[in-house]
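# Quick one, what's the 3D model for this:
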Amino acid sequence: MRFILRRLGFYLIAFWASITLNFLLPRFMPGDPVSRMFARTQGKMQPEQLDALRKLLGVDDRPIWEQYIDYLHNIVTGNMGISISRFPTPVTEVIAGQIGWTLLLGGTSLVIAAVLGNLLGILAAWRRGGTIDSALPPILIFIGSFPYFWLAMGALYLFGVILGWAPLRHAFSDGLEPSFSLEFLSDVGAHLVLPALTIVLVSVGGWMLGMRNTMIATNSEDYITMAEAKGLRPGRIMFRYAARNAMLPSVTSFGMSLGFVVGGAMLTEVVFAYPGVGYQLLTAVQGLDYPLMQGLFLTITAAVLIANFLVDILYVRLDPRVRSN
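The predicted structure is shown next:
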């Protein structure tokens, strides 16, 4: 319990620091979002309207500390403000409308890549020098070394344009209404395959190599030799003894990756025109949308910290050595 409370205190301090940076960084950017809105209306807004907008969006001429106090109060009350680029939609509604697609794409890709990569790493290390260990790592690392946007555009051109096997854009076909019907879910799955596949191809090599290296070190431990001397089945030794202990670094990596899933795969969403938080963040930065940028950064930061805290709690369960520290 002391370990968990210490970690909780650390994450609370980190969250406060991230909130402060989240408040300051957009205000250090050049330009004024209200002036950009004024330019879009071709000068039709009155000066008093501009002042009201600046006050509403929290970018008026008040001292920075007053804006900071109001910002903290809004976070506590769950008010993230009004989006400038999607005016007058609240930031919470914008994020809520995009985050589900990001979690679907990023979560599916992460789970497939982690499970497949770790399984291949276990098999490669257990049969070191075999076919899997010799052939797959160079191939997967070669594929992963390509710039992601190049691989994504190549896959989209080949399977979408030339062969016509995959949809070209969006998360579902135009004209369909979101529902839990079989038609809609199958259409969403068809749109998900290609972007998820490209993410898996890029990342599965790293998961495999990480597990392989840890598994090789674990295989040399005395308890593995003892299990073999006792005559236990190779499959039981591989999974119950070696892989179980070699999984600890992968658990940490998975927890961190799970937190960053909320940030979205920006290049994926841009190339495939897939709705999500990553693409929305790019739009917010281009439009100097302070409230939306702050809401997105805050959501991503909270997800990363919560995921890491859950991993710390899981570590207490998986590794008894942590409990004695």
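# is it true that residue 27 touches residue 288?
No - judged on C-beta atoms under 8 Å, residue 27 makes no contact with residue 288 at a distance of 10.6 Å. In this view, the C-beta of every residue, glycine as well, is placed from N, C-alpha and C.
# Who has more neighbours out of these two?
Neighbours around residue 27 and residue 288, counted as other C-beta atoms under 10 Å, are more numerous at residue 288. The numbers are 21 against 13.
# ok, the more buried one touching residue 84?
Yes - applying C-beta under 8 Å, one finds residue 288 in contact with residue 84, separated by 7.1 Å.
# element containing residue 280?
Following DSSP states H and E, one finds residue 280 within helix 277-286.
# what does that helix contact?
83, 85, 94-95, 98-99, 102, 262-270, 289, 292-293, 296, 299-300 (C-beta atoms under 8 Å, 6 or more residues apart in numbering).
# In it, which residues are buried?
277, 278, 279, 280, 281, 283, 284 (16 or more other C-beta atoms under 10 Å).
# so which of these comes closest to residue 148?
When the buried residues of helix 277-286 are ranked by distance to residue 148 (C-beta to C-beta), residue 278 comes first, at 12.2 Å.
# Let me know the pLDDT of that closest one.
At residue 278, the model reports a pLDDT of 76.
# How about residue 115?
90.
# what angle sits between whichever strand or helix holds it and helix 277-286?
Secondary structure from DSSP H and E places residue 115 in helix 91-126. Between the axes of helix 91-126 and helix 277-286, defined by axes from the mean of the first three to the mean of the last three C-alpha atoms, to 10 degrees, the angle is 130 degrees.
# Could you check the pLDDT of residue 99?
Reported pLDDT for residue 99: 83.
# distance of the closest residue to it other than its chain neighbours from residue 268?
Leaving aside its chain neighbours, residue 99 sits nearest to residue 277 (5.5 Å; criterion: C-beta to C-beta, 6 or more residues apart in numbering). Separation of residue 277 from residue 268 (C-beta to C-beta, to the nearest Å): 11 Å.
# Which element is encountered next along the chain beyond the helix holding residue 280?
With DSSP H and E, the next secondary element past helix 277-286 is helix 290-318.
# what mean pLDDT would you report for that next one?
79.
# Quick check: buried residues in it?
290-309, 311-312, 315.
# The helix holding residue 115: which residues count as buried?
91, 94-95, 98-99, 101-106, 108-110, 112-114, 117-118, 120-126.
# pretty sure residue 155 is in contact with residue 194, am I right?
Yes - Residue 155 lies in contact with residue 194 (C-beta under 8 Å); the separation is 6.0 Å.
# Looking at these two, which has the bigger crowd around it?
Neighbours were counted for residue 155 and for residue 194 using other C-beta under 10 Å; residue 194 has more, 22 against 18.
# element containing that one?
Judged by DSSP H and E, residue 194 forms part of helix 182-219.
# who's in contact with residue 257?
110, 114.
# brain fart, residue 253
114, 207, 210.
# same deal with residue 236?
residue 227.
# My reading is that it lies in a strand. Confirm?
No - per DSSP: H, G, I helix; E, B strand; the rest coil, residue 236 lies outside any strand segment and is helix.
# Report the mean per-residue pLDDT for the helix or strand hosting residue 67.
Counting by DSSP H and E, the element that carries residue 67 is helix 64-76. Across helix 64-76, pLDDT averages out at 80.
# Just the buried positions in it, please.
67, 68, 71, 74, 75.
# Quick check, residue 298 in contact with residue 19.
Yes - with contact defined as C-beta under 8 Å, residue 298 reaches residue 19; the gap is 6.9 Å.
# tell me, what's touching these two both at once?
residue 75.
# pLDDT weak spots in the stretch 1-150 of the chain?
Counting by pLDDT under 70, the stretch 1-150 of the chain has low-confidence residues at 26, 29-62.
# Now the helix holding residue 194: buried residues?
For helix 182-219, by 16+ other C-beta under 10 Å, it's 187-188, 191-192, 194-212, 214-216, 218-219.
# same check, this time on stretch 157-168
Neighbour-count burial for stretch 157-168 [16+ other C-beta under 10 Å]: 159, 160, 166, 167.
# and the gap between the third one and residue 195?
Note on residue 166: its distance to residue 195, by C-beta to C-beta, is 9 Å.
# Which residue, other than its chain neighbours, is closest to residue 198?
According to C-beta to C-beta, 6+ apart, the nearest residue to residue 198 is residue 152 (4.8 Å).
# just checking, what packs against the helix or strand that that neighbour is a member of?
In this structure, residue 152 sits in helix 148-155 according to DSSP H and E. Where contact means 3 or more C-beta pairs under 8 Å, 6 or more residues apart in numbering; DSSP states H and E, helix 148-155 is packed against helix 182-219, helix 266-271.
# Remind me what the last one packs against, helices and strands.
Put plainly, it is helix 266-271. helix 91-126, helix 148-155, helix 182-219, helix 277-286.
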